[in-house]
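**Q** Test case, fold it:
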Amino acid sequence: MTRIFGWMLGFCLVGCTTAVPPTAPDAAADVAADAAVADVAAPTDLAAADTAAADTAATDAADATPADAGPVWVAGDRKLSGAAFFFSATGVGAIDQQKDVTGATAYLLEFPQISQPVAADGSFTFSGLPEGGEFTVAIVHPDYYPSLSPIIAIGKTDVSNVNFQVVTQLIAMYLGLLVGYDPSDPTQCQMVVTVTAQGANQDLWWAPGEPGATVTTAPVLPPEHGPFYFNTSVMPDKTLTQTTTDGGVLIAGAKPGVYTWTAHKDGVTFTTQRLKCVGGWLTNGVPPLGLQAGKNGG
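**A** The predicted structure follows:
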């Protein structure tokens, strides 16, 4: 991790406390407080559509969203699909991917009523999205730290491979300890991105990292918030000043807002990403929505 925090945890398995994660409606209410600074609309009707199909949800939402509730939903004909990969601690120093996870919900942060359950294999698909729209996918589960995608612009084709690495509250707390921040603090947000290597299959969520790159954000954050680069043991290391072959980069304890991430390395071009950072959440730029080496643009 970013591909996931391989060998760690130690005393935290018995010594850390964890916050109770939000359910989907609760999470939507929580992010409303950050809406102005993070450029997130705060609809007053936050009831999730009770449907497994996003196209049905979109139809319902178009009728249910009041005119003064923020942005008005306009349905289109594009699809957005992806998958959530869930990880938990299975013993001292052991992290494993969990299969057949049930109880997770995916919704659009800007339109929380556009909601659907995540399938047991982690997959989700939203239909009826308008061309030209920009959306952030949210994933919530009672046992896992709430996660957001980068901002996704809907163009002339469907969007696929919107992937997440979703970790338990326990793992999130341990990562916070490593860099000196409390991820349960609702006034602070966290962001993690993978700088993926040239020549790699960058559509894979576990694509290898491009070593020797640095990362900046706009707006600029004080150095105490990072960037913290992941070492080859897949942990954020405060002593590192550039990426390793893991490619992971973490910013922690940040002020909520919208941040543009850019990677730098002599002779290499990278894509950029815009991340909406919301208090109490992790925004997760997993391949192919990381910073891809060998490509231009956002």
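
**Q** Which parts of the stretch 151-298 of the chain are strands?
**A** Assigned by DSSP state E, counting those that start in this stretch, the stretch 151-298 of the chain shows strands spanning 152-153, 159-167, 189-196, 214-218, 228-230, 236-237, 248-254, 257-264, 273-277, 282-285, 291-292.

**Q** Ok, the stretch 1-150 of the chain next?
**A** Counting by DSSP E, counting those that start in this stretch, the strands of the stretch 1-150 of the chain are 78-91, 94-98, 105-108, 111-117, 123-129, 134-135, 137-141, 144-148.

**Q** quick one: which of these is nearest Ala263?
**A** Between Ala263 and those, the tightest spacing by Cβ to Cβ is seen for strand 144-148, at 19.9 Å. No exception for glycine: its C-beta is placed from N, CA and C like everyone else's.

**Q** Output the contacting helices and strands for the closest one.
**A** Secondary-structure packing of strand 144-148 (3 or more Cβ pairs under 8 Å, 6 or more residues apart in numbering; DSSP states H and E): strand 137-141, strand 159-167, helix 169-179, strand 282-285.

**Q** Buried deepest among those, which one?
**A** strand 282-285 (a mean of 27; mean count of other Cβ atoms under 10 Å).

**Q** how about a markdown table for the strands of the stretch 151-298 of the chain, with mean pLDDT and distance to Asp182 added?
**A** A markdown table is the format used below for the strands of the stretch 151-298 of the chain (pLDDT from 0 to 100; distance: least, Cβ to Cβ, whole Å):
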| stretch | mean pLDDT | distance to Asp182 |
| --- | --- | --- |
| strand 152-153 | 96 | 29 |
| strand 159-167 | 92 | 15 |
| strand 189-196 | 94 | 10 |
| strand 214-218 | 97 | 21 |
| strand 228-230 | 94 | 15 |
| strand 236-237 | 92 | 15 |
| strand 248-254 | 95 | 8 |
| strand 257-264 | 97 | 19 |
| strand 273-277 | 97 | 16 |
| strand 282-285 | 93 | 13 |
| strand 291-292 | 90 | 27 |
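
**Q** so which of the helices and strands packed on strand 144-148 gets nearest Gly247?
**A** Per Cβ to Cβ, nearest to Gly247 of the helices and strands packed on strand 144-148: strand 282-285, 10.5 Å.

**Q** Contacts for the closest one, please.
**A** 2, 145-150, 164-167, 172, 183, 189-194, 261, 273, 275-277, 291 (Cβ atoms under 8 Å, 6 or more residues apart in numbering).

**Q** Any chance of JSON lines for the helices and strands packed on strand 144-148, columns distance to Lys265?
**A** Below are the helices and strands packed on strand 144-148 laid out as JSON lines (distance: least, Cβ to Cβ, whole Å):
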{"stretch": "strand 137-141", "distance to Lys265": "29"}
{"stretch": "strand 159-167", "distance to Lys265": "23"}
{"stretch": "helix 169-179", "distance to Lys265": "23"}
{"stretch": "strand 282-285", "distance to Lys265": "17"}
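
**Q** of all the ones you listed, which lies closest to Pro211?
**A** Minimum separation from Pro211 across the helices and strands packed on strand 144-148 (Cβ to Cβ) falls at strand 282-285, 17.6 Å.

**Q** Select the helix or strand of the protein having the lowest average pLDDT value.
**A** Every helix and strand of the chain was ranked by mean pLDDT, DSSP states H and E. The lowest is helix 12-15, at a mean of 35.

**Q** on that earlier part again, which one of the strands of the stretch 151-298 of the chain is the most hemmed in?
**A** Compared across the strands of the stretch 151-298 of the chain, strand 189-196 shows the largest average neighbour count, a mean of 30 (mean count of other Cβ under 10 Å).

**Q** hey, C-alpha coordinates of that strand in CSV?
**A** This file holds the C-alpha atoms of strand 189-196, laid out as CSV (Å, rounded to 0.1, in the frame of the first residue of the first chain):
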residue,chain,number,x,y,z
CYS,A,189,-8.3,14.7,7.0
GLN,A,190,-5.9,12.3,5.5
MET,A,191,-4.8,11.6,1.9
VAL,A,192,-2.8,8.8,0.4
VAL,A,193,-1.7,8.4,-3.3
THR,A,194,0.4,5.9,-5.2
VAL,A,195,3.0,7.3,-7.7
THR,A,196,3.0,4.4,-10.2
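
**Q** Many thanks, have a good one.
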